[in-house]
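Visitor: okay, here's the prediction I keep looking at, along with the sequence it came from:
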Amino acid sequence: MVQLDVIVVGGGIAGLATAFSLQRAGHQVTVLEGHPSARSGKGGIKSPPNMTQILDAWGLGPMVKERGVPCERLVWTEGETGDLIGFVPFYAEFMAEITAGFYFLSHRDVHSSLLEIALQKGVKIRYSSRVSTIDPSAATVILESGERLSADLIVGADGAESQIRASFKEDSVQLDEEHEYKMLGLTVPIDSIGKESVPTFKSEEEWMLFFGSRYFIGVHLFDGKDSLYFHMAEPTSSTPLESPAERWSEIPPQKFQLNNGVTIEPRLKMIISHATTYTSVTHKQRPLLESFTDDYGKCVLVGDAAHPLSPYSTQSTALAMEDAKVLGVLLSYIQRKDQLPHFLSAYEELRMPRCHESQKWDDRKRELFTLPSGERQSQRDQLWRSSSAMSEDAWDALDHEAFWKIWGQEMSQYVYHSREAAEDWWTKWGAVLLRDVEESKGENFRSPTQVRIERVHKNAAD
């Protein structure tokens with residue numbers, strides 16, 4: 001194996017996870033973070049089983065068990081009245097294939113844990129190192145200070161507004177307000193409202209979802225059950241708040257307000273009144289990328305830089321963790337630096353179909369969750385009632401066909417195992433890749449990345 005010098009741009013969860021995974025695979029990684037110190041978010045994130053198993057494999061299982069709140073069921077509720085639509089317990093019957101649990105975690109706990117293991121493994125982190133642009137052909141990063149840093153591989157982990165992506169891809173955004181959503185996040189200390197006031201039916205270990213006219217709200221415990229997290233999504237055309245950039249910004253409490261047309265039930269109003277932090281972000285629906293790598297095979301995108309999902313998507317953080325795991329496993333097999341484009345092509349082949357499917361499913365869910373009052377919303381609620389449980393022991397009585405038709409795609413994402421996916425690819429194609437590269441210096445191995453490289457060189461010559 002050959003050791004690569006890797007620069008990861010972005011010190012968030014995606015960047016730290018990728019840095020740790022690549023360092024663990026035997027490479028030397030430097031993370032460039034624009035802020036002067038480590039900075040984590042104030043809200044909660046979801047760790048579905050496909051993310052939890054990665055945290056377990058990286059030795060962070062104890063943190064998950066100690067600080068996380070397990071999610072045992074999803075509860076569907078009418079946002080204006082609080083009436084129950086139905087709920088989806090994570091029945092043993094359909095969780096049997098899943099080897100890890102679903103947890104609510106704080107962003108702070110996940111970020112600080114990844115930072116700790118990355119530093120322990122030998123990752124170097126440079127703060128106050130804001131990137132201005134990159135030269136993909138030379139795998140060189142240019143900082144705002146003018147300093148130039150070169151590596152064998154540049155990883156763009158710098159979020160939805162990625163400068164790395166913009167450096168080698170046309171970055172068009174759909175600005176249609178119908179495809180732009182405001183996300184609000186509120187944190188409420190349990191001590192300020194009392195656990196008896198937490199809006200649950202039977203258990204603290206559930207995710208309550210409230211659906212109203214053009215909005216949905218989620219409520220769950222996190223931070224070791226010390227805090228309640230309230231998150232809300234609505235189209236930007238429905239909200240009076242100014243639309244910030246595609247990154248979280250804090251809202252002064254005196255400026256926080258719901259749209260005048262939004263009606264919510266009393267329990268939600270009580271939660272809002274006790275919030276201690278108010279944050280907001282705008283999510284813009286971007287076209288699916290045609291590639292996660294550059295034309296020279298020296299740059300690759302991970303996390304929201306490659307496949308931005310809404311911040312409250314079940315898979316938003318999980319997909320970034322999967323990216324990191326797959327890239328680390330694949331590059332643990334690299335033997336020469338000139339093989340890098342082929343390995344990046346393998347990464348793209350593995351990640352792009354899954355991420356694109358998750359993005360499309362996320363967009364469909366968000367549209368469905370924010371329907372305006374009317375016939376379509378009534379039909380939605382009736383369909384959900386037919387595919388949901390109304391009691392804990394209702395598995396046998398449940399309409400299984402309706403359940404799997406509606407929720408099968410959601411549940412299928414939980415069984416994905418990133419390491420197995422990467423190892424399976426290597427078992428099938430690794431020997432072919434290495435043989436062709438060794439015998440013909442890559443002339444016979446026609447990866448998509450290699451085709452793009454040849455096209456770039458041909459255009460340059462013309």
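Guide: Cool, got the structure. Note that the structure is predicted; figures quoted are calculated from it, not measured.
Visitor: give me the below-cutoff pLDDT ranges for this structure.
Guide: Applying pLDDT under 70 to the chain picks out residues 91-97, 170-179, 194-203, 236-247, 253-255, 257, 259-260, 388-400, 402-403, 436-462.
Visitor: dead centre of it: give me the residue that sits there.
Guide: The centre of the chain sits closest to Ser316, judged by C-alpha atoms, centre = their mean, with a distance of 2.0 Å.
Visitor: is it correct that it is in contact with Asp304?
Guide: Yes - if you go by C-beta atoms under 8 Å, Ser316 and Asp304 touch, sitting 7.5 Å apart. (Glycine included, C-beta is placed from N, CA and C.)
Visitor: before we move on, back to that, any idea how far the residue nearest to the centre of the chain lies from Asp295?
Guide: Relative to Asp295, Ser316 is positioned 28 Å away (C-beta to C-beta, to the nearest Å).
Visitor: those helices in the protein, which residues are they?
Guide: Using DSSP state H, the helices of the chain run over 13-24, 49-57, 61-67, 92-95, 107-121, 163-168, 190-193, 266-273, 316-331, 340-369, 375-387, 400-413, 418-440, 448-461.
Visitor: dump the ones you listed into a markdown table; add distance to Leu74 as well.
Guide: Formatted as a markdown table, the helices of the chain follow (distance: least, C-beta to C-beta, whole Å):
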| stretch | distance to Leu74 |
| --- | --- |
| helix 13-24 | 23 |
| helix 49-57 | 14 |
| helix 61-67 | 19 |
| helix 92-95 | 13 |
| helix 107-121 | 21 |
| helix 163-168 | 33 |
| helix 190-193 | 21 |
| helix 266-273 | 17 |
| helix 316-331 | 16 |
| helix 340-369 | 12 |
| helix 375-387 | 10 |
| helix 400-413 | 9 |
| helix 418-440 | 24 |
| helix 448-461 | 38 |
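Visitor: out of these, flag the one nearest Arg286.
Guide: helix 340-369 (8.7 Å; C-beta to C-beta).
Visitor: starting at the chain centroid, how far to that closest one?
Guide: 11 Å (C-alpha atoms, centre = their mean, to the nearest Å).
Visitor: cool, and stretch 139-157?
Guide: Worked out by C-alpha atoms, centre = their mean, stretch 139-157 lies 24 Å from the chain centre.
Visitor: again, but for stretch 281-289
Guide: For stretch 281-289, the distance to the chain centre is 13 Å (C-alpha atoms, centre = their mean).
Visitor: that stretch: end-to-end distance?
Guide: 22 Å (C-alpha to C-alpha, to the nearest Å).
Visitor: buried sites along that stretch?
Guide: Val281, Thr282, His283, Lys284, Gln285, Arg286, Leu289 (16 or more other C-beta atoms under 10 Å).
Visitor: and which of the residues you listed is nearest Gln379?
Guide: Nearest member of the buried residues of stretch 281-289 to Gln379, counting by C-beta to C-beta, is Gln285, at 23.7 Å.
Visitor: correct me, but the closest one touches Glu180?
Guide: Yes - with contact defined as C-beta under 8 Å, Gln285 counts as touching Glu180 (6.9 Å).
Visitor: if we can go back for a sec, can you tell me which of the helices of the chain comes nearest to Leu153?
Guide: helix 340-369 (6.4 Å).
Visitor: if you count neighbours, what's buried in the closest one?
Guide: Neighbour-count burial for helix 340-369 [16+ other C-beta under 10 Å]: 340-348, 350-352, 354-355, 358-359, 361-363, 365-366, 368-369.
Visitor: quick one: His35 and Gly11 touch, right?
Guide: Yes - between His35 and Gly11 there is a contact under C-beta under 8 Å: 7.4 Å.
Visitor: give me the common contacts of the two.
Guide: Tyr127 (C-beta atoms under 8 Å, 6 or more residues apart in numbering).
Visitor: which one's more surrounded, the two?
Guide: Using other C-beta atoms under 10 Å as the criterion, His35 and Gly11 rank with Gly11 on top: 28 against 12.
Visitor: excluding chain neighbours, what is closest to that one?
Guide: Spatial nearest neighbour of Gly11, chain neighbours left out: Glu33 (3.2 Å); criterion: C-beta to C-beta, 6 or more residues apart in numbering.
Visitor: please apply the same query to Phe222.
Guide: Phe222 sits nearest to Gly44 (C-beta to C-beta, 6+ apart), 3.8 Å away.
Visitor: kindly report the same for Ser291.
Guide: Closest to Ser291 by C-beta to C-beta, 6+ apart is Glu348, at 6.3 Å.
Visitor: hmm, back to that, list the residues that contact the residue nearest to Gly11.
Guide: Gly10, Gly11, Gly15, Ile125, Arg126, Tyr127, Ser128, Ser129.
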